[in-house]
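Q: Here is a sequence with its predicted model. Questions after.
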Amino acid sequence: MERLPFFLRAMRRRTRAPAPCDVEWEPGLEVPAADGSVLVTDHYAPVTDEECPVLLVRSAYGRGFPWNSLFGTAFAEQGFRVLIQSTRGTGGSGGVFHLWRNEAADGQATVEWMRKQEWFPGAFATIGPSYLSYVQWALGLDPPPEWRAAVMQGAVHDFYDGMHPGGHCTFRLELALISGTAFFHQAAGPGAYLRALLRLTRHLRHAVRGVPLLDSYRRALGGRRQEFEDWVSHPYPDDLVWAGADAGPAADRMTAPVSLVTGWHDLALDQTLRQYARLRLAGREPTLMIGPWTHTSMFDRGRAEVTADALDHLRVHLLGRGERSAKVRVHIGDEWRELPEWPPPSTPARFHLRPDGRLGDLAAGTTSFRYDPRDPTPSFAGQLQSRTAGARDNRRLEARPDVRTFTTGPLPEALEIMGTPSADLYAAGSTGHFDLFVRLCDVDPQGRSANVCDGFVRLTPDHADEDVVHIPLGAAGHRFAAGHRIRLQVSGGAHPRYARNYGTGEPLATATRLVATTTTVHHGPDHPSVLTLPVV
């Protein structure tokens, strides 16, 4: 074991109060993967004579900052022996990286190696966000008996659903470009990754506006990337490209107690809540925390709460000390709430969309707008990876001619929602190929319109004009204060969060024609377009 590098020693002195244990470091351990490839692993150990519980972190983003600080030193100084491992084909580990094909077997091989170490106490836990959670779900497909606890933060378990939420018609273009940049350049070191990010930033507009997409993306990603082309060109879940991409069945088999952590604007919120429900259906009792965070701000704005929750979970289930005080904790307004389960019981409150732009009682008429894929309605705020993620003032977006809003009067008293709001719209598109992006907002007395949650659906000519379109707006916990107004946005897209609709029905990867669509929303007794809120 060696002394910690100067950087980590300085971080400990600067960011934390005196800890129970000092920490030693053993870098570059070689752990054999399933096929004998080397998985490079760093070992952080508390300086103590006592037996230490083991915490496994498997990362596709290297073993350095921030993981060495967030998990290596932060948990080792609390008495945990921490292993941070670079997954296959990343961070100096051998083999070729693939998003999902190797993680289950390599995780099992790592556990087998741990069993042979003289310091292994016979039990371990896992922890990590995003892809670091995916590898935990992959391990859960055949859970080792020594696994005592799992902490999954911003947890992704299904890559097909991540790229094509809602099915083959929808593609998360921004996510594919940003996460693709990380995955394609992670093995080349921080310098190469920074250069790749700068290149993506410089060429992003061309990548998302050019046609065909199979040509326009290349400049942003530094050349052809077969993985990206597979994601775009194979939109159906039963395609062999996606075989094994979903580790969701692990929820049916998990034996280790699971802590799930997410944010109201986390791009993994829906997947996290689906796994929460699946664990409960399987008879498990997961804990759930939802904070006011995005996918990337969880360890910035939420670091204190996220770390405290993880330590609580590990102490209870790995060390057998105490018990979890709350099954569900959600942040609403300026406070945390404790609940027995998610979602809590609620009563539906319905607000009709009116042709005069108000939300309220029924009124007959229509509302129309023109969506032009040459100037697509931009994605702004919400579940993004870009700099405008989270809750933002939407007034500039709402001023566009291709966005329609429907707003209540000032609320006479506060109204609180917990659950999944939805919109049911009677809508038609002139080309037959059109999208609906619907967003719930909170408008304060000064006129600031802050997004709460949103939903997206893509329609084809199979949709009859007389059929209602049901649009879930995603999970939400929010308090509309007295004097505030409830607003619903309706538009024809959110590009490049969701790849724009060309208006032709041609395949996204190769389409070149762009046709504008006039979208009409109907109102009235025969077409009661309505917003439904789960009021508690």
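A: Great, that's in hand. Numbering: from 1, shown residues only.
Q: sec struct for residue 324, please.
A: Following DSSP: H, G, I helix; E, B strand; the rest coil, residue 324 is assigned to coil.
Q: how about it, what does it touch?
A: Residue 324 makes contacts with 287, 312, 313, 316, as judged by CB atoms under 8 Å, 6 or more residues apart in numbering. C-beta here means a position set from N, CA and C on the backbone, and glycine is covered the same way.
Q: ok, so of these, who is nearest residue 419?
A: Residue 419 has its nearest neighbour among these in residue 287, at 18.9 Å by CB to CB.
Q: So for that closest one, what's the nearest residue that isn't a sequence neighbour?
A: By the measure of CB to CB, 6 or more residues apart in numbering, the closest residue to residue 287 outside its immediate chain neighbours is residue 259, 4.9 Å from it.
Q: Using JSON lines, please lay out the contacts of residue 324 together with neighbour count and pLDDT.
A: What follows is these, written out as JSON lines (neighbours: other CB atoms under 10 Å; pLDDT from 0 to 100):
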{"residue": "287", "neighbour count": "22", "pLDDT": "97"}
{"residue": "312", "neighbour count": "19", "pLDDT": "95"}
{"residue": "313", "neighbour count": "22", "pLDDT": "96"}
{"residue": "316", "neighbour count": "19", "pLDDT": "95"}
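Q: Now intersect these with the strands, please.
A: In strands, defined here by DSSP state E, the members of the contacts of residue 324 are residue 287.
Q: one step back: mind checking how far the residue nearest to residue 287 is from residue 158?
A: Look at residue 259 and residue 158: by CB to CB, to the nearest Å, they are 19 Å apart.
Q: These two: which has the busier surroundings?
A: residue 259 (25 against 22; other CB atoms under 10 Å).
Q: residues in contact with that one?
A: 149, 150, 151, 152, 286, 287, 289, 309, 310, 313.
Q: what are the pairing partners of the host helix or strand of the second one, and which direction each?
A: This points to residue 150. Using DSSP states H and E, residue 150 maps to strand 147-153. Strand 147-153 pairs in its sheet with strand 124-129 (parallel), strand 258-265 (parallel), by DSSP bridges.
Q: And the residue nearest the centre of the chain?
A: Centroid-nearest residue in the chain, with CA atoms, centre = their mean: residue 268, separated by 2.1 Å.
Q: Please name the nearest non-neighbouring residue to that one.
A: Counting by CB to CB, 6+ apart, the residue nearest residue 268 is residue 154, at 4.7 Å.
Q: burial of that neighbour, as a residue count?
A: Using other CB under 10 Å, the number of residues around residue 154 comes to 27.
Q: Which residues are in contact with it?
A: Counting by CB under 8 Å, 6+ apart, residue 154 touches 129, 130, 133, 261, 262, 263, 266, 267, 268, 272, 295, 298.
Q: give me the beta-bridge partners of the fourth one?
A: Think residue 261. Applying DSSP bridges to residue 261 gives these bridge partners: residue 153, residue 289.
Q: Would you mind confirming that it is in contact with residue 295?
A: No - with contact defined as CB atoms under 8 Å, residue 261 does not count as touching residue 295 (11.4 Å).
Q: Of those two, which one has the most company?
A: More crowded of residue 261 and residue 295, by other CB under 10 Å: residue 261, with 28 against 23.
Q: Let me see the contact set for the more buried one.
A: Taking CB under 8 Å, 6+ apart as the contact definition, residue 261 lies against 129, 151-155, 272, 288-289, 291, 298, 306, 309-310.
Q: Just the buried ones among these, please.
A: Neighbour-count burial (16 or more other CB atoms under 10 Å) applied to the contacts of residue 261 gives 129, 151-155, 272, 288-289, 291, 298, 306, 309-310.
Q: any idea which of those residues is closest to residue 518?
A: So of the buried ones among the contacts of residue 261, ranked by how close each gets to residue 518 (CB to CB), first place is residue 272, at 37.3 Å.
Q: helix, strand or coil for that closest one?
A: Following three-state DSSP, the label given to residue 272 is helix.
Q: excluding its backbone neighbours, what's nearest it?
A: The spatially closest residue to residue 272, leaving aside those adjacent along the chain, is residue 262, at 4.2 Å (CB to CB, 6+ apart).
Q: I'd like to know how many residues surround the one you found.
A: 27.
Q: Ok, residue 399 next?
A: Applying other CB under 10 Å, we find 9 residues neighbouring residue 399.
Q: now swap in residue 229 and tell me
A: If you count neighbours by other CB under 10 Å, residue 229 ends up with 16.
Q: ok so, going back, tell me the spacing between the residue nearest to residue 287 and residue 285.
A: Between residue 259 and residue 285 the computed distance is 11 Å (CB to CB).
Q: ditto for residue 243
A: Separation of residue 243 from residue 285 (CB to CB): 32 Å.
Q: Need the strands paired with strand 147-153 in a markdown table (columns: mean pLDDT).
A: A markdown table is the format used below for the strands paired with strand 147-153 (pLDDT from 0 to 100):
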| stretch | mean pLDDT |
| --- | --- |
| strand 124-129 | 98 |
| strand 258-265 | 98 |
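Q: Please tabulate those strands in a markdown table, including the columns distance to residue 171.
A: Shown next, in a markdown table, are the strands paired with strand 147-153 (distance: least, CB to CB, whole Å):
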| stretch | distance to residue 171 |
| --- | --- |
| strand 124-129 | 24 |
| strand 258-265 | 20 |
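Q: Out of the ones you listed, which gets nearest to residue 41?
A: For these, distance to residue 41 was read as CB to CB. The smallest value, 13.2 Å, belongs to strand 124-129.
Q: Give me the next element, helix or strand, following the closest one.
A: Using DSSP H and E, the helix or strand that follows strand 124-129 in sequence is helix 131-140.
Q: Run the angle between that following helix and strand 124-129 for me.
A: Angle of helix 131-140 versus strand 124-129, following axes from the mean of the first three to the mean of the last three CA atoms, to 10 degrees, is 140 degrees.
Q: Give me the buried positions along helix 131-140.
A: Within helix 131-140, the residues that count as buried by 16+ other CB under 10 Å are 131, 132, 133, 134, 135, 136, 137, 138, 139, 140.
Q: nearest to residue 447, of those residues?
A: Closest approach to residue 447 among the buried residues of helix 131-140 (CB to CB): residue 133, at 38.9 Å.
Q: thought the closest one was touching residue 139?
A: No - counting by CB under 8 Å, residue 139 is not a contact partner of residue 133; they are 10.6 Å apart.
Q: can you list the domains in this protein?
A: Domain assignment for the chain by automatic domain parsing gives 1-122, 128-158+246-342, 164-242, 347-535.
Q: Need the winner for burial among these.
A: domain 128-158+246-342 (a mean of 20; mean count of other CB atoms under 10 Å).
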